[in-house]
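J.: Here is my input, please return the structure:
(4 chains)
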There are 2 protein chains.
Amino acid sequence: MATGRKSTGSKAAAPVAPAGVVTLEMVAEEAGVSPSTVSRILNGTAKVRESKVRAVRAAISKLQFQPNPVARSLARGRSMSVGVIIQTIDSPFYGEALAAIEKGLFRAGYSVLFLSGHWREDDERRCVEHLLARRVEGIILVTSCLPDAELVRLTRTVPIVLTGRSIEAERSYSMDADSTPGARLATEYLIGQGHRKIAFIAGPANHPDSQQRLNGYKAALANAKIPFAAKLVVPGDYSDAGGHLAMNRLLDAKAEFTAVFAANDQTAYGAMLALHRRGLRVPQDVSIVGFDDLPTSSYIIPPLTTVHRSIHEVGEAAAEAMIDLLDGRVPVSKLSTATLAIRESTRSVRY
Amino acid sequence: MATGRKSTGSKAAAPVAPAGVVTLEMVAEEAGVSPSTVSRILNGTAKVRESKVRAVRAAISKLQFQPNPVARSLARGRSMSVGVIIQTIDSPFYGEALAAIEKGLFRAGYSVLFLSGHWREDDERRCVEHLLARRVEGIILVTSCLPDAELVRLTRTVPIVLTGRSIEAERSYSMDADSTPGARLATEYLIGQGHRKIAFIAGPANHPDSQQRLNGYKAALANAKIPFAAKLVVPGDYSDAGGHLAMNRLLDAKAEFTAVFAANDQTAYGAMLALHRRGLRVPQDVSIVGFDDLPTSSYIIPPLTTVHRSIHEVGEAAAEAMIDLLDGRVPVSKLSTATLAIRESTRSVRY
DNA sequence: GCAACCTTGGAAAGCGCTTTCAAAAGTAGC
DNA sequence: GCTACTTTTGAAAGCGCTTTCCAAGGTTGC
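T.: From the prediction side, this is the model:
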């Protein structure tokens, strides 16, 4: 620990590096072997006589040697880092995915570079550039905004894993956990509770995932022979504020409905507040179900019935898939199915 | 774009690198200068004849050259990356800080390595090790769990910036945005509304920040000459679940109170739900104020009155401080003061 | 005891950049 | 036109590892 070591070496003192950084070469000298041998022991790339192995190990722990990953990267031509592009790093939803991705890749020895695209194509493109410049070995794109063609082109440079969409390309893996079934599940639950006039607050129109939620909603209606009413569908933007606005719009238009399916939980929160402000109670006057099952959704009042899909699992799977891709394996798909977390924001209107 | 370029070089074809990676040497050859010159132009480390500059620039854009940061790091002995340790990457609160930190450092050309310590000393220690092994140039610790002495020791290796606590050390910067004033503000607001029996749901006991919130609460009481009642203080853990539990405990103990100050917003959410379950209304029966002002806090029912402190600013400041430290400057402190976001979870009990 | 072979380990050449050192080229001054 | 500088540029030596290539050391067999 102390800066001034004495009586360390046997012959010439090693050239003292700036901040006491220990190099492989110093280890080699200390152990009385060549650098190559140390390297071989470190990487297990060849057999080394037991006695030398011991000497080197001793030297390593004596000197507290830690191989410099930068040098290693350069020599191996591998950066041991992967990039992750997310839209908003501060979303409660994606945060969880991030945590899982970080954990998975960390364990495999990769460093993770996070960048946020802010739902803007240009920003995202810039992020990709930066990551490539940083020589990441792969990129995980959590709900990318980039056009398909561009993503496909990207796979020619690095393997990519995509969540929330799907492309056809060699070194890529799409984990398009289709939201349609989940949305359908939610809507069917509402129908099962006797609701016929069910409003839908959608997500951003350009977002494929958001489209799927709409489709699920439609499918459930169709299946129950309930005519689709365009006026019961209002646009939102996946935010609390958007949900609030949308609900107000619905109410102002005097739309008739006994239940609402919100494209995500935050939208539901906003909608619930708008309802509350107009003196309408959930679930007595209107039932509402969300999508995503944010951690707080079980703690709001009333606790929200919502479609649950383990985003943590998605993150884990993304990390695994990336590791597979990097190791030249073909990732095996394993999708988790959506379930409905039934809580207290809906009521049956059966008679 | 196409893989097969033809008629590129003048003399011998450059050794085609694996994946069409362009090196500085290739640029040099293309431009008819030496590698040193290209490097100098890239870094502006010396004057170069205008004509050569143009030739090199042309070559660079023709070849789409991007310097390899790994090689650069090795040569310069600087990794151009900084580590950020956060406790839970998926907390809505820290997410925002992360976003700001990422942005600030990104602009300065640094890459950011995020790691989560999960509020566990050991995990955090391991994160530090990993970051050091990765040769980060500095570490930002967002609410660290590590003992002071260890942090001080760490500064001997890399500069660090700390949020939520404070140490005395040379190459460090503590942004201990003391929570005491904010907590006091919240409590005083409640007192100003006529409340005398104010409960406090605390955060994790070992956490300095949590301690500060308690102190602020006590200070406000003392200032108003309201005796401190130990039974009105229950422990929580900064989570929804903890708040829920704590409120139940309070209620079960038949504690008398007309208002609650929760150590953070999530705690408040949980507490509100517990209240709701017992048929107590907010704010009619009990007033509640939180701390942190999470984005959803303005959308829950009723919208939560809470202490607002721009965590985004904290993140920005942390990034700036780190850059200052890395450039050998002494960071200038700039604290943002806490304000109270007054919403609808409290009512006056003045007569 | 020596040829033929397998195992170990060292020397040295990179990886792609930066940076020092010194030579080449340009500029001034007389 | 030649000397004395100053600027511009290239050659080469790293940065700390990995890895190829080859020699030394050991084994085995006859």
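J.: helix, strand or coil for the residue nearest the centre of chain A?
T.: For chain A, the residue sitting closest to the mean C-alpha position, by CA atoms, centre = their mean, is A:A97 at 3.5 Å. A:A97 falls in the helix class when you classify it by DSSP: H, G, I helix; E, B strand; the rest coil.
J.: hang on, it packs against A:I86?
T.: Yes: with contacts counted by CB atoms under 8 Å, A:A97 reaches A:I86, the gap being 7.5 Å. Placement of C-beta: from N, CA and C, glycine included.
J.: any shared contact partners between those two?
T.: Here A:A97 and A:I86 have A:V142 as joint contacts, going by CB atoms under 8 Å, 6 or more residues apart in numbering or on different chains.
J.: mind checking the SS state of A:Y173?
T.: Assignment for A:Y173 (three-state DSSP): strand.
J.: Over to A:G83?
T.: Under the three-state scheme (three-state DSSP), A:G83 adopts strand.
J.: who touches it in this structure?
T.: For A:G83, the contact set (CB under 8 Å, 6+ apart) comprises A:112-115, A:127-128, A:131, A:134, A:136, A:138-140.
J.: ranking those residues by neighbours, who comes first?
T.: Taking other CB atoms under 10 Å in any protein chain shown as the neighbour criterion, A:I140 ranks highest of these with 30 neighbours.
J.: what kind of secondary structure is that one in?
T.: strand.
J.: any idea how far it lies from DNA strand C?
T.: 25 Å (CB to the nearest atom of the strand, to the nearest Å).
J.: Repeat that for A:T187.
T.: From A:T187 to DNA strand C the distance is 54 Å (CB to the nearest atom of the strand).
J.: So which bits of chain A are right by DNA strand C?
T.: Where chain A comes near DNA strand C, counting by CB under 7 Å from any atom of the strand, the residues are A:33-37, A:46-49, A:52, A:71, A:74-75, A:77.
J.: ok, now with 10 Å
T.: With CB under 10 Å from any atom of the strand as the criterion, chain A meets DNA strand C at residues A:28, A:31-41, A:46-53, A:55-56, A:70-77, A:135.
J.: Local confidence estimate at whichever residue of the stretch 101-250 of chain A sits closest to DNA strand D?
T.: Nearest residue of the stretch 101-250 of chain A to DNA strand D (CB to the nearest atom of the strand) works out as A:G109 at 12.0 Å. On the pLDDT scale, A:G109 is placed at 87.
J.: tell me the phi and psi of it?
T.: Per-residue torsions, A:G109: phi 90, psi 10 (degrees, to the nearest 10).
J.: Disregarding flanking residues, what is the spatial nearest neighbour of it?
T.: Distances taken as CB to CB, 6 or more residues apart in numbering or on different chains put A:M80 closest to A:G109, at 6.2 Å, once the chain neighbours are dropped.
J.: repeat for A:G203
T.: Per CB to CB, 6+ apart, closest to A:G203 is A:S210, 3.1 Å.
J.: Surely A:K334 touches A:A317?
T.: Yes: here A:K334 reaches A:A317: they are 6.3 Å apart, a contact under CB under 8 Å.
J.: Which one's more surrounded, those two?
T.: Using other CB under 10 Å as the criterion, A:K334 and A:A317 rank with A:A317 on top: 26 against 11.
J.: Quick check: pLDDT value at that one.
T.: Reported pLDDT for A:A317: 93.
J.: do the same with A:A55
T.: A:A55 is given a pLDDT of 93.
J.: can I assume it sits in a helix?
T.: Yes: counting by three-state DSSP, A:A55 is found in a helix.
J.: and it, what does it touch?
T.: A:31-33 are the contacts of A:A55 under CB under 8 Å, 6+ apart.
J.: Can you turn the buried part of the residues of chain A next to DNA strand C into a ChimeraX selection?
T.: Buried residues within these, by 16 or more other CB atoms under 10 Å in any protein chain shown, are selected in ChimeraX with:
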select /A:28,31,33,37,38,39,40,41,48,52,53,55,56,70,71,72,73,74,135
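J.: Just the ones in helices from the residues of chain A next to DNA strand C, please.
T.: A:28, A:31, A:35-41, A:50-53, A:55-56, A:70-76 (DSSP state H).
J.: Can you sort out which of those also neighbour DNA strand D?
T.: Within the set of those, contact with DNA strand D (CB under 10 Å from any atom of the strand) is found for A:28, A:35-41, A:70-76.
J.: of all those residues, which comes closest to B:I311?
T.: A:V70 (32.4 Å; CB to CB).
J.: how much space between the closest one and B:S111?
T.: As judged by CB to CB, to the nearest Å, A:V70 and B:S111 stand 12 Å apart.
J.: Likewise for A:G104?
T.: 19 Å.
J.: neighbour-wise, which of the two wins?
T.: Applying other CB under 10 Å to A:G104 and B:S111 shows that B:S111 carries more neighbours, namely 24 against 20.
J.: beta partners for that one?
T.: Counting by DSSP bridges, B:S111 forms beta bridges with B:S81.
J.: for it, what are its contacts?
T.: For B:S111, the contacting residues are A:113, A:134, B:80-82, B:105, by CB under 8 Å, 6+ apart.
J.: next one: A:N223
T.: A:184, A:188.
J.: can we see that at 10 Å?
T.: Shown in contact with A:N223 (CB atoms under 10 Å, 6 or more residues apart in numbering or on different chains): A:184, A:187-188, A:191.
J.: how close does A:P181 get to A:A222?
T.: Distance from A:P181 to A:A222, by CB to CB: 14 Å.
J.: Compare neighbour counts for the two and give me the winner.
T.: Just comparing A:P181 and A:A222: by other CB under 10 Å the higher neighbour count belongs to A:P181, 16 against 12.
J.: So that one belongs to a helix, correct?
T.: Yes: judged by three-state DSSP, A:P181 forms part of a helix.
J.: Hmm, it is touching A:Q212, no?
T.: Yes: if you go by CB atoms under 10 Å, A:P181 and A:Q212 touch, sitting 8.9 Å apart.
J.: Tell me how far the lowest-mean-pLDDT helix or strand in chain A lies from the chain's centre.
T.: The helix or strand of chain A with the poorest confidence is helix A:92-107; it has a mean of 86 (mean pLDDT, DSSP states H and E). Centre-to-centre, helix A:92-107 and its host chain are 6 Å apart (CA atoms, centre = their mean, to the nearest Å).
J.: re the thing from before, specify which member of the contacts of A:G83 is nearest to A:F200.
T.: Set against A:F200, the nearest of those by CB to CB is A:I140 (30.5 Å).
J.: the strands in chain A, which residues?
T.: Along chain A, the segments classed as strands by DSSP state E run A:81-86, A:111-116, A:138-142, A:160-163, A:172-175, A:198-201, A:233-234, A:259-262, A:287-292, A:305-308, A:339-341.
J.: and among the ones you listed, the most buried is which?
T.: Mean neighbours per residue, mean count of other CB atoms under 10 Å in any protein chain shown, is largest over the strands of chain A for strand A:259-262, with a mean of 31.
J.: Give me the helices and strands touching that one, please.
T.: Secondary-structure packing of strand A:259-262 (3 or more CB pairs under 10 Å, 6 or more residues apart in numbering or on different chains; DSSP states H and E): helix A:180-192, strand A:198-201, helix A:208-223, helix A:240-252, helix A:265-277, strand A:287-292, strand A:305-308.
J.: let's go with 6 Å and repeat that
T.: helix A:180-192, strand A:198-201, helix A:265-277, strand A:287-292 (3 or more CB pairs under 6 Å, 6 or more residues apart in numbering or on different chains; DSSP states H and E).
J.: Now render these as CSV, adding mean pLDDT.
T.: Formatted as CSV, the helices and strands packed on strand A:259-262 follow (pLDDT from 0 to 100):
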stretch, mean pLDDT
helix A:180-192, 97
strand A:198-201, 98
helix A:265-277, 97
strand A:287-292, 97
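J.: gap between A:I89 and chain B?
T.: 5 Å (CB to the nearest CB, to the nearest Å).
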